[in-house]
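Colleague: what follows is a protein structure lacking sequence information:
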């Protein structure tokens, strides 16, 4: 039986750095390491190192931000300071640095914890197979070109390749253009109600159960903000697209272009600045371990492009006693949603036709959603023939959130890392249970009729550095007001938050939302960057060949 693709046992040990939040190991969190050690030592662009070297083993987690006023005695210790430190090379951090890359007068560094940019856009490729569509999207699956114009424009500017994304989901359109204006009755705004409370008053029990069982994610039918959840629009009448290169290629390309345009220089300290202290870490088989060494950097302005849930693990020192913590500000208005995504790789088919009978299934089982992704012939090695049985069949095995996530604890306990690559090295009973659920979804009465998977690929978004799959606005929150406030949550400090999690409305569930928050930040606080056009994307939103894309085949 051919072995499944997997990560190497240990990445190279070149001393390189990047960024992220603290608390990878619960025991290490107790050490409360100071974030102020982050400043002057390595004023080289981390993003440049990140792109030059394909793998990063020694990386850093941000653990503290220390606010300083200029002191002559510290000039020798910290000689140069960054103009802007962008922390996190996910979609929002990569986009922010990419938008600012042409400023030859500014020192801007992009920091990232992992060995590659991406954040919650994570693509696992299968190079052993001939079909390039054999890729597992562990993060964002697709986008809507017509409803996500900023993302669509950026993809064209980067010369990436959109392709059709097949889905059979069929849900109604949004009930209102501005859900914050929708009222349940004369006295109650819809955003003040819980979704369950709303449905209990307008739908029968049968209708409620139908909505609950037919929605891909349980968080979308939780008792959260009714104005948000009632207006989530996943309508398949609009064209779905993904990237032929994989969705992760979007932030990777932006980070690479930013690194290639980096201008290296020094800027002397002045006024108020922030020391950023990073705990150096090591990544082995997808698991992040703390090591003793820490690194310092200094910045005049700090953009935190990280998951709001990660703010809980950053210490802030030197701020006014009356300054609220960033964690308390986001915790008051956002609910973190636990989530996991898993893929199964088989080398045998159990159906008679070219493709399985059920290709995209939503269920009330813990698997929640399964989807047939693609099949591909294994590449021959040393000229040897490849047998038909050595085809690979890749399934989105689960896309789960809320209480369903705990079901996968058995399969995800291969370490403290967030990503699992394995050959299904789990108990026989656990494997049988997984096959039983999968067989029921495929209309098979006997789980033994289903072959054993040869690969299991999953991401647990509850783990560091994200600590959550995504966030939803809490019940009673006017997200239009809170989103603007969270961009610059501390009135007297040049510390900013970006990311889809704080995008006002349902855009917080899409990559488009991450880009929107960056544009809002640039418009409000970095206007010279906001005025810079996207390269190669001056064409109007309605002229981006969306019609041509729709003609592409919707099946993989």
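Modeller: Happy to help now that I have it. All figures in this text were calculated on a predicted structure; none of them were measured in a lab. Numbers count the residues shown, from 1 in each chain.

Colleague: hey, let's count contacts and neighbours off CA atoms from now on
Modeller: OK.

Colleague: can you give me the buried ones in stretch 521-531?
Modeller: Going by neighbour count (16 or more other CA atoms under 10 Å), the buried part of stretch 521-531 is 521-522, 529-530.

Colleague: please disregard the earlier target; I meant stretch 338-355.
Modeller: The neighbour-count criterion (16+ other CA under 10 Å) identifies 338-349 as the buried residues of stretch 338-355.

Colleague: do the same with stretch 478-485
Modeller: Of the residues in stretch 478-485, those buried under the neighbour-count criterion (16+ other CA under 10 Å) are 478-479, 482-485.

Colleague: ranges for the helices of the stretch 451-556 of the chain?
Modeller: In the stretch 451-556 of the chain, helices defined by DSSP state H, counting those that start in this stretch lie at 479-487, 511-525, 527-530, 546-550, listed in chain order.

Colleague: do you know which of the ones you listed lies nearest residue 323?
Modeller: Each of these was checked against residue 323 via CA to CA, and the shortest separation belongs to helix 479-487, namely 14.0 Å.

Colleague: okay, the angle between the closest one and helix 511-525?
Modeller: Here helix 479-487 runs at an angle of 60 degrees relative to helix 511-525 (axes from the mean of the first three to the mean of the last three CA atoms, to 10 degrees).

Colleague: need the buried residues of stretch 521-531 in a markdown table (columns: pLDDT).
Modeller: Formatted as a markdown table, the entries for these read as follows, by pLDDT from 0 to 100:
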| residue | pLDDT |
| --- | --- |
| 521 | 97 |
| 522 | 96 |
| 529 | 92 |
| 530 | 91 |
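
Colleague: shaky segments in the stretch 151-300 of the chain?
Modeller: 166-203, 207-238, 262-272, 280-293 (pLDDT under 70).

Colleague: if you set the cut-off to 80 instead, what comes out?
Modeller: Low-confidence segments of the stretch 151-300 of the chain, defined by pLDDT under 80, span residues 165-239, 262-273, 275, 277-296.

Colleague: show me the two of the buried residues of stretch 521-531 that sit farthest apart.
Modeller: Taking CA to CA as the measure, the buried residues of stretch 521-531 reach their widest spread between 521 and 529, a distance of 9.9 Å.

Colleague: which parts of the chain belong to which domain?
Modeller: 179-229, 339-460 (automatic domain parsing).

Colleague: could you work out the end-to-end span of the longest one for me?
Modeller: Right, the one you point to is domain 339-460. By CA to CA, to the nearest Å, the extent of domain 339-460 from end to end equals 7 Å.

Colleague: can you pull out the low-pLDDT segments for the stretch 351-500 of the chain?
Modeller: Per-residue confidence of the stretch 351-500 of the chain (counting by pLDDT under 80) places the weak regions at 352-369, 379-391, 397-434, 441-443, 456.

Colleague: tell me the spacing between residue 469 and residue 510.
Modeller: Plainly put, residue 469 is 12 Å away from residue 510 if you go by CA to CA.

Colleague: looking at the two, which one has more neighbours?
Modeller: Neighbours were counted for residue 469 and for residue 510 using other CA atoms under 10 Å; residue 469 has more, 25 against 21.

Colleague: the more buried one against residue 338, yeah?
Modeller: Yes - in this structure, residue 469 is within contact of residue 338 by CA atoms under 8 Å, at 5.3 Å.

Colleague: and the buried residues of stretch 521-531, which is closest to residue 258?
Modeller: Closest approach between these and residue 258, by CA to CA: residue 529, at 13.7 Å.

Colleague: measure the closest one to residue 518 for me?
Modeller: Counting by CA to CA, the separation of residue 529 from residue 518 is 11 Å.

Colleague: likewise for residue 316?
Modeller: On the measure of CA to CA, residue 316 and residue 518 end up 23 Å apart.

Colleague: burial of residue 245, as a residue count?
Modeller: Counted by other CA under 10 Å, the residues lying close to residue 245 total 17.

Colleague: and it, how far from residue 135?
Modeller: 9 Å.

Colleague: and what of residue 325?
Modeller: For residue 325 relative to residue 135 (CA to CA), the value is 40 Å.

Colleague: do the same with residue 114
Modeller: For residue 114, the distance to residue 135 (CA to CA) stands at 20 Å.

Colleague: between these two, which one's more packed in?
Modeller: residue 114 (29 against 22).

Colleague: so for residue 360, which of the helices of the stretch 451-556 of the chain sits nearest?
Modeller: helix 546-550 (20.0 Å).

Colleague: would you check that residue 465 makes contact with residue 310?
Modeller: Yes - taking CA under 8 Å as the contact criterion, residue 465 and residue 310 are neighbours in contact, 6.6 Å apart.

Colleague: between these two, which is the more surrounded one?
Modeller: For residue 465 versus residue 310, the count of surrounding residues by other CA under 10 Å is larger for residue 465: 26 against 20.

Colleague: I'd say residue 374 and residue 396 touch.
Modeller: No - here residue 374 does not reach residue 396: they are 9.7 Å apart, not a contact under CA under 8 Å.

Colleague: of the two, who's got more company?
Modeller: residue 396 (24 against 19).

Colleague: is it fair to say that one lies in a strand?
Modeller: Yes - Residue 396 sits within a strand when classified using DSSP: H, G, I helix; E, B strand; the rest coil.

Colleague: give the contact list for it.
Modeller: Listed by CA atoms under 8 Å, 6 or more residues apart in numbering, the contact set of residue 396 reads 136, 341-344, 369-373.

Colleague: show only the entries of those residues found in strands.
Modeller: 136, 341-344, 369-373 (DSSP state E).

Colleague: is the nearest residue to residue 142 once chain neighbours are set aside bridged to anything, and to what?
Modeller: If you skip the residues right next to it in sequence, residue 142 has residue 242 as its closest partner in space, 4.6 Å away by CA to CA, 6 or more residues apart in numbering. In this structure, residue 242 has beta-bridge partners residue 163, where bridges are defined by DSSP bridges.
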